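A.B. asks: I would like to see how this sequence folds:
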Amino acid sequence: MPKKVIKEFKVEYLQILDEQGNCDESLMPKLSNEDIKKIYEMLVLIRVFDQKAFNMQRQGRLGTYIQFKGQEACQVGSAFALQDDDFIFPMYRNSGLLIARKHPIVQVLQYWSGDERGMKSPDNVNNFPIAISVGTHMVHAAGAGWAAKLKGTKQVSITYFGEGATSKGDFHEAMNFAGVYNAQTIFFCENNQFAISVPREKQTHAETIAQKAIAYGVEGIQIDGMDIFAVYKATKDAIEKARAGKGPTLIEAYTYRLCDHSTSDDASRYRSKEELEAWTKKDSIERLEKYMRKKNLLDDAYKAKVLENSQQVIEKAVTEFEKLTPPDAKDMFTFVYAEMTPQQKEEMDELGIK
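C.D. replies: Residues are numbered from 1 along each chain as shown. Coordinates of the predicted model:
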């Protein structure tokens, strides 16, 4: 019986800025010097936020907090490629993404204190709430991308997740749906090498996460997730493709979390010191600084000023956050449905909530 020859698919790998700050100018996206400075300043701001939030958790001023150190380029680079009316569907490690998407820092802190009011999106910015359950929000993003297509708008939806989420059925259902209906959706995988303590090689037998797109007839690309320019370019290209009606894209950002999985984790139990040190040398902020120095866009004085300004912004937000009035206990009942159910009213009475 003759065998059918299947076309060979290859996954592209994109890196523009290497660890020494050398840039492949032929691949460099169109970014002005001011754009590059804004990106750098946002990278520093969210790293300062990340460390401050971690410290606050350790001091008992926040609940469990999920750090994103090491993954700043994924979140800032992609955010800068989006427009405000595009839809983002973030995961629990995307506090930096939300800040880059104009979500007030006070509200991000509010959320991590257990106050869901912190996830109310700013006016004219389409930020969906953080998804704590792994992978469930990917299906929502596929639906939003399809809705945009049906309505004839140029909006795109983008969903963020770790490589561990690609083992969930939600990922496959969302990818298949988006592929079949040519949804204006981008799937952004922040492959940080570990799903809690499970290493990437035990998560999937596939050589890359990006190649999983092939099964659904969707384009997949793997990028250096610590290369801010590669992240921006890959996301920008995927956005333009989606706006043009040419379908979804799966972006695998190959990166690393330079921190524990969460504030209840100890990554030293499953990662070696040598591995962490090797990845630290690839850090997105340091390599951008090297590039900017070569282009005379950064010196010691500017670097110090950016850090100081970032610290002031974060400290001001923390002060404002800690003055907020706690939520009313009845909100957990009154904001679920348009009208409260008899069961909800009974539960409120049992708890003595008025």
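A.B. asks: Tell me where the protein has strands.
C.D. replies: Here the chain has its strands, by DSSP state E, at 12-14, 87-89, 126-127, 157-162, 185-191, 194-195, 198-199, 219-224, 249-254.
A.B. asks: could you give me the average pLDDT of the first one?
C.D. replies: Taken as a whole, strand 12-14 has an average pLDDT of 95.
A.B. asks: That one pairs with which strands, parallel or anti?
C.D. replies: Strand 12-14 has the following strand partners under DSSP bridges: strand 219-224 (parallel).
A.B. asks: How about the third one?
C.D. replies: When pairs are called by DSSP bridges, strand 126-127 turns out to pair with strand 87-89 (parallel).
A.B. asks: So what's the gap between the partner strand and the chain middle?
C.D. replies: 10 Å (CA atoms, centre = their mean, to the nearest Å).
A.B. asks: Show residues contacting that strand.
C.D. replies: With CB atoms under 8 Å, 6 or more residues apart in numbering as the test, strand 87-89 has contacts from 79, 82, 97, 101, 126-128, 131, 137-138, 140-141, 144-145, 148, 155-160. The C-beta positions use only the backbone N, C-alpha and C, and glycine is treated the same way.
A.B. asks: now the lengthiest helix in the chain: mean pLDDT?
C.D. replies: With secondary structure taken from DSSP state H, the chain has its longest helix at helix 33-58. Averaged across helix 33-58, the pLDDT comes to 98.
A.B. asks: can you pull the buried residues of that helix?
C.D. replies: Across helix 33-58, burial judged by 16 or more other CB atoms under 10 Å covers 36-37, 39-50, 52-54, 56-57.
A.B. asks: same thing with stretch 303-319?
C.D. replies: Quick answer for stretch 303-319 (16+ other CB under 10 Å): 306, 310-311, 314, 317-318.
A.B. asks: So residue 43 is in contact with residue 76, correct?
C.D. replies: Yes - the pair residue 43 and residue 76 qualifies as a contact (CB atoms under 8 Å) at a distance of 5.4 Å.
A.B. asks: and for the two, which residues touch both?
C.D. replies: Joint contacts of residue 43 and residue 76 (CB under 8 Å, 6+ apart) are residue 228.
A.B. asks: Quick one: distance of the longest helix of the chain to the chain centre.
C.D. replies: 14 Å.
A.B. asks: next one: stretch 137-145
C.D. replies: Its chain's C-alpha centre and that of stretch 137-145 lie 15 Å apart, by CA atoms, centre = their mean.
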